[in-house]
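[1] I'd like to go over a predicted model; first the sequence, then the structure.
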Amino acid sequence: DEPTAQTYKYESDITRLRSLVIHSLYSHKDVFLRELLSNANDALEKLRLTALTDREVMKSGEANVTIEVRLDEGGKTGQIVVRDTGIGMTKDELARNLGTIARSGTNEFLKKAEEGGGADGNLIGQFGLGFYSCFLVAPTVRVSSLPPTTSANPNPEQHTFVSTSSGDSFDIYLDPRGNTLGRGTEIVLEISEEEAEWLSVSRLKGLIDKHSQFATTFPMYIMERKTTKIPIPPPQSPEADGDPDELNDDVDKDEQTPKEEEFETKVEEEWVQVNDKAPIWMRDPKDVPEDEYRQFYKAVAKDQSAETLGWAHFKGDTGAGVSYRAIMYIPSKLPTDFWQKITSGINNVRLMVKRVFITDDLGEEYMPRWLSFLKVTVDADDLPLNVSRETLQTNKFISQLQRILIRKAIDLFSRLAGEDPTVYKEVSKLYGNALRIGMLESKKDKVKIAKLLRFESTRSDFTSLEEYVENRKEGQKQIYFMAGVGEQPKDLARSPFVEKLKARGYEVLLLNLPSDEPMMGALDNFMGMKTQDVSKKGLKYGDEDEDEAEKKELEAQKIAFAPLIEWLKKELKSDISDVILTNRLVTSPCTIVVDSYGWSANMAKIMSAQADAENDPMFKMMKNLPKNLEINPKSPLIEGLLEKILDLDLARDEEEGAEVEEGPEVVELRETVKVLVDTTLVRSGFTVADPTTYFERVEALLRRSLGVSLSAQGQAKVRPAPPTAAEPLDETEPTNLEDFMSFGDDAEGMPDGQDFPEWSQMKKNMGGGGAGAVEHDEL
Ligand SMILES: Nc1ncnc2c1ncn2[C@@H]1O[C@H](COP(=O)(O)OP(=O)(O)OP(=O)(O)O)[C@@H](O)[C@H]1O
């Protein structure tokens, strides 16, 4: 019998909403299950609340959620049935909740979504438009519901709501099956042939794993059906029965396998729980074995092979009246292109409210970029479930949480640093650069993050700033560092800038990451010590006053070397702003030092790697800031230069201002000094302004030392290329590997099945499939 149905019109907002959901979410169809499970959980939570005052309501049956797939005959269509034993709905509530009430925020949401050209999967979850997502996969949805027996409603009746995805009305009727549910709600999605993909238990289980593994603390079951074939024993043949002699000889008959018809299919049904564990973050850290944390990380990372370097499990109260629990992980590996790929909106914080996943998109720059590799799960106790992304961002808890997570991340790093040097070495290797950037970006946490950094130095291969300060020498007020991007620390240790410090026993940090030098500049001061780039002016040992003898010696040397200094200043004035006698060197003859506010060679290199650096006026200015030539009076080479200047009487010529005819010795000296300065530039990490002239000078020097004439020319005969080819290339003509390799005039590509050797090497380097993994067409 057709039940007598009452037809209702959908509220106009709801009609708009439904069609918006259906039309804008077609690429996020799988949200339907998450929404239904979230609603089921809410219904069970409400029941639990009611049960606090009315014990009776919980009496009938377990509070749980079940999911079942039923196939129609033929297997191409069927139903997904989601049932909960929660609070249920009366006939009125069915009409109101599912069809006529426009909830608060709906209008606002509609406006936004329609203006923005559609709603995305997250927006919809946050707005609590969940139920309508059923229509993404089902053209017809039936909701049967039965509230629990209470004193207010002693004789509840089961009603069914039915609606199609397109109609502007829905029906509600008394369920002709009677009160079959006991209590709660049953949602039946009629799945059509086009959407048959959802009729797969394993697909649904996959969805639960993805979105709803922790959707509810109530048990959640899915119906699994196992079909087994049981052979039916063949009917006993009369011959075999009758004649025992035949048993031995008729081998053929015995070996015959039973035919199709001789199997019976048996379907075993089993409810399998899909959430058998309490979510790990809700438990006391004392009760969670390490292995479970590692397992949970795999789930969070959605990668069964994922490993973590460490985690923090914490709870708290933000002071905004919201308490939360959270787990934060540091991955042990990042995709190779991780730092290139992240732009904004990194989605590394999963926000749950009472175990229900809300969003992993808390907006751009919710977590600072330098912490974007963390994987965080936060479960808040009390946050409105149906808040929009926009309101989330202005939510007090959410903004307080941001600060908490940064603090907790810093704590986690510092705990790992103290606990396990082996692990921390890994952490530093993977995240050292990120931490440096963090230090650069966050004024508030600058010093805390600086403490997390580790460096190589002339004393240790893994040291911290705190250790550096501990190991300082008496009177030392500076933290010395030598920076050179991409250089080996052992090479940095041999730089002329480091030699004296090292010889005297001072520790120098050897920095080779791009972020190192700017980071040291930004740090400026650590525990009362200044950071000092040893390649810049301003270096102080701190015990200068004690060495009166050394000071006196330098003063005397200044007088003795004055003629050389004057001459060098005059000769080098286009490249060098000052020539200074130094005692910072031990064996090197000279070095190039920039003013403390100028760019070091390292910094100039970093900056020139930026796009469009050469057109940047700031770049030009900084690059051309004064460079000082510091010369070492104790170097035999410098002594030799001084002698030469005195011999040739060059200093005096200048004083008289007379135009003196320059002898070949002067020209030669001038060339030698230019080579010395250029070479010093390179040694000090700068580039030579004009490499061609530099090389010509070196060649002249070499010729002189070999006694080869400076003017002799090479006798190379150059054969010009043939004229421009007139014939068009025949692209279809098969080519021959040898021609191609020897750059034959007609080589045009690789023959089938062959890889250009460099290409296969490149593919290997990129970590892609080996030779043959790329279609040759692409070549
Ligand atoms: N399984 C259910 N049991 C009882 N009531 C339900 C169930 N599913 C939906 N409802 C009722 O229907 C209303 C509308 O559900 P819908 O999913 O559209 O939004 P919501 O549940 O309010 O939002 P959210 O899904 O974000 O919590 C719910 O507020 C609830 O009152």
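    Now that the structure is in, tell me what you want to look at.
[2] tell me the mean pLDDT over stretch 83-95?
    Mean pLDDT, stretch 83-95: 96.
[3] likewise stretch 106-117?
    On average, the pLDDT along stretch 106-117 is 69.
[4] and if you look at stretch 377-391?
    If you average the per-residue pLDDT over stretch 377-391, you get 71.
[5] element containing the closest residue to the ligand within the stretch 151-300 of the chain, please.
    Closest approach of the stretch 151-300 of the chain to the ligand (C-beta to the nearest ligand atom) occurs at T185, with a separation of 3.8 Å. C-beta: built from backbone N, CA, C; applies to glycine. Take DSSP states H and E as the rule and T185 turns out to sit in strand 184-191.
[6] give the pairing partners of that strand; include direction for each.
    For strand 184-191, the paired strands and their directions (DSSP bridges) are strand 78-84 (antiparallel), strand 140-146 (antiparallel).
[7] helix or strand right after it?
    helix 201-207.
[8] need the pLDDT of the single nearest residue of the stretch 501-650 of the chain relative to the ligand.
    Across the stretch 501-650 of the chain, no residue is closer to the ligand than S515, which sits at 42.8 Å (C-beta to the nearest ligand atom). Looking at S515, its pLDDT stands at 86.
[9] secondary structure class for the residue lying closest to it once chain neighbours are set aside?
    On the basis of C-beta to C-beta, 6 or more residues apart in numbering, the spatially nearest residue to S515 that is not a chain neighbour turns out to be R436, at 3.9 Å. Per DSSP: H, G, I helix; E, B strand; the rest coil, the local secondary structure of R436 is helix.
[10] what does W271 give?
    Under three-state DSSP, W271 falls in the strand class.
[11] quick one: it from M220, how far?
    When C-beta to C-beta, to the nearest Å is the yardstick, W271 and M220 sit 10 Å from each other.
[12] quickly list what's touching both of the two.
    When contacts are counted by C-beta atoms under 8 Å, 6 or more residues apart in numbering, W271 and M220 are jointly contacted by T66.
[13] what's the end-to-end length of stretch 678-690?
    Stretch 678-690 has an end-to-end distance of 9 Å (criterion: C-alpha to C-alpha, to the nearest Å).
[14] could you give me the average pLDDT of that stretch?
    Stretch 678-690 shows a mean pLDDT of 85.
[15] run through the bridge partners of the nearest residue to I67 once chain neighbours are set aside.
    With C-beta to C-beta, 6+ apart as the criterion, I67 has its nearest non-adjacent residue at 4.6 Å, and that residue is I222. Taking DSSP bridges as the rule, I222 bridges to I67, V272.
[16] and I222, what does it touch?
    The neighbours of I222, taking C-beta under 8 Å, 6+ apart as the test, are T66, I67, E68, V201, L204, K205, I208, W271, V272, V274.
[17] neighbours around the first one, how many?
    The burial count assigned to T66 is 19, neighbours taken as other C-beta atoms under 10 Å.
[18] the last one too?
    The number of residues packed near V274 is 19, by other C-beta under 10 Å.
[19] what do you get for the fourth one?
    When counting by other C-beta under 10 Å, one arrives at 16 neighbours for V201.
[20] please apply the same query to the fifth one.
    When neighbours are defined as other C-beta under 10 Å, L204 has 21 of them.
[21] where does the stretch 201-350 of the chain dip in pLDDT?
    The model of the stretch 201-350 of the chain has pLDDT under 70 over residues 210-211, 213-215, 236-261, 277, 302-304, 320, 342-346.
[22] adding distance to G310, write the contacts of I222 out as TSV.
    Formatted as TSV, the contacts of I222 follow (distance: C-beta to C-beta, whole Å):
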residue	distance to G310
T66	39
I67	36
E68	41
V201	37
L204	34
K205	31
I208	29
W271	38
V272	34
V274	29
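[23] before we move on, the earlier item: okay, W271 and M220: which has more neighbours?
    M220 (24 against 14).
[24] what sits against the more buried one?
    Contacts for M220 (C-beta under 8 Å, 6+ apart) come out as L37, N64, V65, T66, I67, I208, S212, Q273, V274, N275.
[25] can you turn the buried part of these into a PyMOL selection?
    Selecting the buried subset of the contacts of M220 in PyMOL, with 16 or more other C-beta atoms under 10 Å as the burial test, is done by:
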select buried, resi 37+64+65+66+67+208+212+274+275
